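Asks: quick check, what structure comes out for this input:
(chains A and B)
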Amino acid sequence: MLAKVPTGLPLHLNAKFIKKFLNLGDLARARQLFDGISEPDVQSWTILISAYTKTGRSRDAIKLYTEVKNRGKINLDKFVILAAAKACAVSGDLAKAKEVHFDALNHKFSSDLLIGNALIDMYGKCKYFKGGEQVFRDLRIKDVITWTSFCSCCVNCGLPEAALRAFRDMVVSGVRPNAMTLSSVVPACSRLSVCIRGARCMVLPSRMGWGENQFVSSALVDMYSSCSSIKHAQSVFANMPRPDVASWNAIISAYFANGEGERALDTFQHMRSRGVKLDRVSWNSIVSGCADNGKAREALELLRDMQRVGCKPNQITVTSALTACTVLEAWRGGNEVHAYITRHCLMEDLAATTALVLIYAKAGDVEASNRLFRMMPLRDTVAWNTIIIANSMHGRGEKAVSLFNEMVGSGVKPNSVTFTGVLSGCSHAQMVDEGLSIFDSMMKDHEVEPDAEHYSCVVDVLSRGGRLVQAHNFIQQMSSEPSAAAWGALLGACRTYKNVELGRLAARRLFEIEPNNPGNYVLLFNILAAAKQWGEASEVRRLMRDRGIRKMPGCSWIRVNNRVHTFVVGDKDNDMSSEMYKFLDEVRVKMKLAGLYPDTEFVLQDLDGEEQEHSLCNHSEKLAVAFGILSLRDESSIRVFKNLRICGDCHNTIKFIAKFAGIRIVVRDSLRFHHFEEGLCSCREFW
DNA sequence: GTAGGGTTAG
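Replies: The predicted structure is shown next:
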């Protein structure tokens, strides 16, 4: 029997009764009671705000906080500000978070530990390091919680090095870390893939009496896993007296991450037979682990198990399952993936539909993505982000920008991912001015702090637009250390625009930042080779050889009659090989008749004329296209996938093939989609 | 009404 909502209570009893309903789990009735009070006191507001946050309705909690402020009559105390900070932390709403910080300062709570600690945590969860750092610095007295909150703020903001520095400073300043501190700092080691040296780290927690702490141990399992020390991970786990679900989940993920799929599955079975109550993370771990480890069928089978036992899939599940489906697409076909999702009632959910929008785009069918998106009854930020990214991937910059404007117009708040999506759309469509003005509006109109990724996007926008010098200046003026992506964008454009000088400079920086990425060496080689600077070019090759870096072999694939056919350069390992080469020879002759000559600058070797042509015409993407055309039955289009970037000569040749064969060819390379139709490509010659 | 932590995807 539910208690009735009392009315006309004496003021001091309001909060008490609201709390009573909340304890009964009846938020609605608590709200009803609250609404019946003409002048609720600040305590009642606080209780209700916390209750909304705790039940996953942090947006409503924030609304309530705004309301209590607008009333004006009520004097805010530190507890209501505390509750608001927590709501902001859960929702990740940075604009509101700044407002709460401002309110705290206004009410002279700036040196209050309780408030300060909560604000640091809040900023960390909103991924706004500057804010957390400022509050941290302003606090004159710092306790363990302050230091711990600041460490996790650093980790949440993607600054693991800063977290480790803070940890050291904490110890130096004489504050003794506790188990919570350790479980906040160890993930920083995981991010950096560094181990606090093996034995010592395992001894440390046990000596400090944290050996039984599940939080610390699970974090250690993850740390060892990220350092590829699966043996240490296993031993931490084995020494846990009472592993909880999260610990089991951590060790299972550790096995998967270290390529031990069978052991992961065994452990999962073991966990079930031990009667450990599985949570959604357990299921997600096993589904995603299988999907990533070539066990697509098992992944889908486990997805069925998950639903059979009544665990509801969420976005992470569906995304993982779809990864499995992408592989299965090889023999099932895209529409069957859609049917699978529908059959398993995954369509109801916004997240699942969004994942499906993405998979259509990834499978090369962006029209299907757009259609599906239009059918969605409800679209949140993630859904909008997805459709913007989908169009950007396919070189539809104008569409991406117009979707962005529509999103803003419909009142959905863009976040950091939105800007990455729309900016990359601009760069692939050479919309330089649009890109720059959108970047400009990020902070000004949308309160989204640009991060390293956005800076790289701007470099890409400028570079692809041919403004190489401006791009270089932009890199030099960046407030943070330029990332590999930023230099990489510049280097790529130096090849397109044949700028040897800047290319050399960008490559030199890249060789320092990521000395083992073969792509950078190959790009510089191509730039030098195109400029006929063979001497320097062969030095680059020597450098590669000396450092033991090998170019990843190019590989293309195509699905024909529910089978995937893969090709490598010069592949003759196919029943249709002779026809394929004959076809490509014919194409070459026809191209020459049309005045189109092979673009020999894309050969990675300094061979002479005839041989150059030959090594160009057996690139894997050409072979896959030839195979596709020759096996074509009723289809009016073919889709080819390649693991590396498409080569320039292949790009020209495929444009030509699309025209004379009168079909549409879609090629997905490692970066984007190219739609070849009527002799043109959607990328407008920029790849 | 009184703070901080580990495991899943992209």
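
Asks: please make it C-alpha for all contacts and neighbour counts, starting now.
Replies: Noted.

Asks: where does chain A have its least confident helix or strand?
Replies: Least confident element among the helices and strands of chain A, by mean pLDDT, DSSP states H and E: helix A:198-207 (a mean of 52).

Asks: spatially central residue in chain A, please.
Replies: For chain A, the residue nearest the mean C-alpha position is A:V417 (8.4 Å; CA atoms, centre = their mean).

Asks: SS state for the residue in the stretch 401-550 of chain A that DNA strand B sits nearest to?
Replies: Distances between the stretch 401-550 of chain A and DNA strand B by CA to the nearest atom of the strand are smallest at A:V417, namely 8.5 Å. On the three-state scheme (DSSP: H, G, I helix; E, B strand; the rest coil), A:V417 is labelled helix.

Asks: so it touches A:W384, yeah?
Replies: No - judged on CA atoms under 8 Å, A:V417 makes no contact with A:W384 at a distance of 10.1 Å.

Asks: contact partners for the residue nearest to the centre of chain A?
Replies: When contacts are counted by CA atoms under 8 Å, 6 or more residues apart in numbering, A:V417 touches A:N385.

Asks: who touches the nearest residue to A:A489 once chain neighbours are set aside in this structure?
Replies: Setting aside the residues directly before and after it, A:A489 is nearest to A:D460 in space (CA to CA, 6 or more residues apart in numbering), at 5.1 Å. By CA under 8 Å, 6+ apart, the residues touching A:D460 are A:S424, A:S427, A:A471, A:A486, A:A489, A:L490.

Asks: again, but for A:M544
Replies: Per CA under 8 Å, 6+ apart, neighbours of A:M544: A:P518, A:Y521, A:R550.

Asks: where does the second one sit, in terms of helix or strand?
Replies: Put plainly, it is A:Y521. Assessed by DSSP states H and E, A:Y521 sits inside helix A:518-530.

Asks: packing partners of that helix?
Replies: Secondary-structure packing of helix A:518-530 (3 or more CA pairs under 8 Å, 6 or more residues apart in numbering; DSSP states H and E): helix A:484-496, helix A:500-513, helix A:534-546.

Asks: most packed of those helices?
Replies: helix A:484-496 (a mean of 23; mean count of other CA atoms under 10 Å).

Asks: what is it packed up against?
Replies: The elements that helix A:484-496 packs onto, with contact taken as 3+ CA pairs under 8 Å, 6+ apart, are helix A:452-464, helix A:468-477, helix A:500-513, helix A:518-530.

Asks: just name the most buried of those.
Replies: Highest mean neighbour count among the helices and strands packed on helix A:484-496 (mean count of other CA under 10 Å): helix A:452-464, with a mean of 25.

Asks: near DNA strand B at all, it?
Replies: No - counting by CA under 7 Å from any atom of the strand, DNA strand B has no neighbours in helix A:452-464; the shortest distance is 14.2 Å.

Asks: how far off centre is that helix?
Replies: Offset of helix A:452-464 from its chain centre (CA atoms, centre = their mean, to the nearest Å): 17 Å.

Asks: thinking again about what came up before, now do the helix holding A:Y521: distance to the chain's middle.
Replies: 28 Å.

Asks: do stretch A:396-408 as well
Replies: Relative to the centre of its chain, stretch A:396-408 is centred 20 Å away, using CA atoms, centre = their mean.

Asks: hmm, who's touching that stretch?
Replies: With CA under 8 Å, 6+ apart as the test, stretch A:396-408 has contacts from A:384, A:387-389, A:391-392, A:413-414, A:418, A:421-422, A:425-429, A:431, A:682.

Asks: just the buried ones from the residues you listed?
Replies: Listed as buried from the contacts of stretch A:396-408 are A:384, A:387-389, A:391-392, A:414, A:418, A:421-422, A:425-429, A:431, A:682; burial here means 16 or more other CA atoms under 10 Å.

Asks: so what's A:G548 up against?
Replies: With CA under 8 Å, 6+ apart, A:G548 has no contacts at all.

Asks: before we move on, back to that, if I average pLDDT within each of the helices and strands packed on helix A:484-496, which one is lowest?
Replies: Looking at the helices and strands packed on helix A:484-496, the lowest mean pLDDT belongs to helix A:518-530 (a mean of 88).

Asks: does the residue of the stretch 301-450 of chain A found nearest DNA strand B belong to a helix or a strand, and which?
Replies: Using CA to the nearest atom of the strand, the closest approach of the stretch 301-450 of chain A to DNA strand B is made by A:I316 at 4.3 Å. In the assignment (DSSP H and E), A:I316 maps to helix A:315-332.

Asks: check A:D169 too.
Replies: Residue-wise, A:D169 maps onto helix A:160-172 under DSSP H and E.

Asks: elements contacting that helix?
Replies: Counting by 3+ CA pairs under 8 Å, 6+ apart, helix A:160-172 packs on helix A:144-156, helix A:179-192.

Asks: just those: most buried one?
Replies: Mean neighbour count (mean count of other CA under 10 Å) peaks for helix A:144-156 among these, with a mean of 25.

Asks: identify all contacting residues around that one.
Replies: Residues from elsewhere that reach helix A:144-156, judged by CA under 8 Å, 6+ apart: A:113, A:116-117, A:120-121, A:123-125, A:127, A:129, A:132-133, A:136, A:160, A:162-164, A:166-167, A:170, A:175-178, A:180-181, A:184-185, A:187-188.

Asks: change it to 6 Å
Replies: Contact with helix A:144-156 is made by A:N117, A:D121, A:G124, A:A163, A:T181, A:S184, A:A188, as judged by CA atoms under 6 Å, 6 or more residues apart in numbering.

Asks: show me what contacts the third one?
Replies: It refers to A:G124. Shown in contact with A:G124 (CA under 6 Å, 6+ apart): A:C153, A:N156.

Asks: picking up where we left off before, let's have the helices and strands packed on helix A:160-172 in TSV, adding distance to A:I663 and mean pLDDT.
Replies: What follows is the helices and strands packed on helix A:160-172, written out as TSV (distance: least, CA to CA, whole Å; pLDDT from 0 to 100):
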stretch	distance to A:I663	mean pLDDT
helix A:144-156	49	96
helix A:179-192	47	91
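
Asks: could the ones you listed be laid out in a markdown table, adding distance to DNA strand B?
Replies: Formatted as a markdown table, these follow (distance: least, CA to the nearest atom of the strand, whole Å):
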| stretch | distance to DNA strand B |
| --- | --- |
| helix A:144-156 | 4 |
| helix A:179-192 | 4 |
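
Asks: quick one, which of those helices is nearest to A:A531?
Replies: Proximity to A:A531 (CA to CA) singles out helix A:179-192 among these, at 39.2 Å.

Asks: next one: the closest one to chain centre, how far?
Replies: Distance of helix A:179-192 from its chain centroid, counting by CA atoms, centre = their mean, is 21 Å.

Asks: and the contacts of stretch A:82-97?
Replies: By CA under 6 Å, 6+ apart, stretch A:82-97 touches A:S50, A:T53, A:S58, A:M122, A:K125, A:C126.

Asks: give me the element the first one is part of.
Replies: A:S50 belongs to helix A:42-54 when elements are defined using DSSP H and E.

Asks: what's the first helix or strand after that helix?
Replies: helix A:58-71.

Asks: direction-wise, compare the next helix-or-strand element following that next one with helix A:58-71 and give the angle.
Replies: Next along the chain after helix A:58-71, taking DSSP H and E as the criterion, comes helix A:78-91. Inter-element angle recorded for helix A:78-91 and helix A:58-71: 140 degrees (by axes from the mean of the first three to the mean of the last three CA atoms, to 10 degrees).

Asks: helix A:78-91 close to DNA strand B?
Replies: Yes - for helix A:78-91, a contact with DNA strand B is found by CA under 7 Å from any atom of the strand, at A:K78, A:F79, A:V80, A:K86.

Asks: all good on my end, thank you.
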